[in-house]
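*Asks:* Could you work out the structure for the sequence below:
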Amino acid sequence: MALPPARTRKPSGATPEIFNQIGQRLRNVYNDVLTQTVPDRFVDLLQALEAGTATDPTSPGHVNMSETPSQQARRPATGRKTDQR
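*Replies:* Now for the predicted structure:
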């Protein structure tokens, strides 16, 4: 089966001024991110990883760093997840 012909992109007509404006707006957004402090939980996780004491994600005591505290509280605290096929 033959592939359809590739579509070519039409010229955007963007001028260097537009590219400069886009670049400036991106810098404004990301400069704010760069100046934010790192959350303590993230620093603790990085230190545990560097020290080799981070917990196995499948262990019962593992804390999922992407979960909110309320989500963690609702998760069962005992047992290991098993592969149910």
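
*Asks:* now the helices for this structure?
*Replies:* 16-35, 40-51, 69-74 (DSSP state H).

*Asks:* looking at these, which one has the lowest mean pLDDT?
*Replies:* In terms of average pLDDT, helix 69-74 trails the rest of the helices of the chain, at a mean of 64.

*Asks:* and Asp44, how many neighbours does it have?
*Replies:* Counted by other C-beta atoms under 10 Å, the residues lying close to Asp44 total 13. In short, each C-beta sits where N, CA and C put it, glycine included.

*Asks:* re the thing from before, with distance to Pro5 added, can I get the helices of the chain in CSV?
*Replies:* CSV is the format used below for these (distance: least, C-beta to C-beta, whole Å):
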stretch, distance to Pro5
helix 16-35, 29
helix 40-51, 47
helix 69-74, 48
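
*Asks:* Out of these, flag the one nearest Ala2.
*Replies:* With C-beta to C-beta as the criterion, Ala2 lies closest to helix 16-35 of the helices of the chain, at 37.1 Å.

*Asks:* That closest one - contacts with which helices or strands?
*Replies:* Helices and strands touching helix 16-35, by 3 or more C-beta pairs under 8 Å, 6 or more residues apart in numbering; DSSP states H and E: there are none.
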